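Novice: pasting the sequence and the predicted model now:
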Amino acid sequence: MGFGDLKSPAGLQELNDYLADKSYIEGYVLSQADVAVFEAVSGPPPADLCHALRWYNHIESYEKEKASLPGVKKALGKYGPVDVEDTPGSGATESKDDDDIDLFGSDDEEESEEAKRLREERLAQYESKKAKKPALVAKSSILLDVKPWDDETDMAKLDECVRSIQADSLVWGSSKLVLVGNGIKKLQIQCVVEDDEVGTDMLEEQITAFEDYVQSMDVAAFNKI
């Protein structure tokens, strides 16, 4: 798998398309896979690549915690939708330490008994954690007011950028444009969130990151479900 040259427009477009229905490069949590790809990108993607920009801003907010994130970095070509060789200067290096243990292993490599035991133990812990997840989850319905800079802002693109923010515990609902004054309209959009996973602070941080379109965000209504 791979994105190609992530410093090129084509590579960034590939990354944006890949993240259209994903929050992270691998799985459902932030990991070293995200760090490896992040380090291969030379800077924030342009505003029209809203999925890639949303992901970039989220990873950048974890600058101090990157080293402690789970997983082991692989070659950049191992991430993404197509199989390509790792590109020079990608910033991602594949760990060669003999002590590193691949959690899922490789079918064509000989696996030691210790590695197998550790992998099975971690998988068992993961399954146990999933089984203990509470059946009842507190949720809230939130109505957001997202204000543009002026009457020339592309509101359809603004709506698309907001909806590009994805999480397992976040569901976007209906939206509409509401006249504010002087020809300026704000986007009013509904969403349902799991209280323990998504908060209004996180929503505001990620929505206002689309600074080419968004001036500010306010909570218009907040109701427990």
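Specialist: Sure thing, it's come through.

Novice: okay, and the helix or strand of the protein with the least pLDDT?
Specialist: Across the helices and strands of the chain, the lowest-confidence element by mean pLDDT, DSSP states H and E is helix 113-131, at a mean of 79.

Novice: could you tell me how far that helix lies from the centre of the chain?
Specialist: Centre-to-centre, helix 113-131 and its host chain are 26 Å apart (CA atoms, centre = their mean, to the nearest Å).

Novice: give the other helices and strands that the next helix or strand after that helix contacts.
Specialist: Proceeding N to C from helix 113-131, the next assigned helix or strand is strand 139-148, under DSSP states H and E. Packing partners of strand 139-148 (3 or more CB pairs under 8 Å, 6 or more residues apart in numbering; DSSP states H and E): helix 155-163, strand 184-194, helix 200-207, strand 214-224. In this view, the C-beta of every residue, glycine as well, is placed from N, C-alpha and C.

Novice: can you do 6 Å?
Specialist: Other helices and strands packing on strand 139-148, by 3 or more CB pairs under 6 Å, 6 or more residues apart in numbering; DSSP states H and E, are strand 184-194, strand 214-224.

Novice: helices and strands around the least confident helix or strand of the chain, which ones?
Specialist: Using 3+ CB pairs under 6 Å, 6+ apart as the contact criterion, no helix or strand is in contact with helix 113-131.

Novice: most tightly surrounded among the helices and strands packed on strand 139-148?
Specialist: Each of the helices and strands packed on strand 139-148 was scored by mean neighbour count; the highest is strand 184-194, a mean of 19, by mean count of other CB atoms under 10 Å.

Novice: quick check: the most far-flung residue of the chain relative to its centre vs K116, distance?
Specialist: Relative to the centre of the chain, the most outlying C-alpha is that of N182, 35.7 Å out, by CA atoms, centre = their mean. Relative to K116, N182 is positioned 67 Å away (CB to CB, to the nearest Å).

Novice: what do you get for N223?
Specialist: 49 Å.

Novice: next one: V192
Specialist: Between V192 and K116 the computed distance is 42 Å (CB to CB).

Novice: check M155 too.
Specialist: The span separating M155 from K116 equals 55 Å under the rule CB to CB.

Novice: for K224, same thing?
Specialist: With distances taken as CB to CB, K224 is found 46 Å from K116.

Novice: got a list of what A220 touches?
Specialist: For A220, the contacting residues are 143, 145, by CB atoms under 6 Å, 6 or more residues apart in numbering.

Novice: residues in contact with the helix or strand hosting E39?
Specialist: Counting by DSSP H and E, the element that carries E39 is helix 32-40. Outside of helix 32-40, the residues that reach it under the criterion CB under 6 Å, 6+ apart are 6, 24-26, 59, 66, 69, 71-73, 76, 79, 90-92.

Novice: now for those: which two are most distant?
Specialist: L6 and V72 (19.8 Å; CB to CB).
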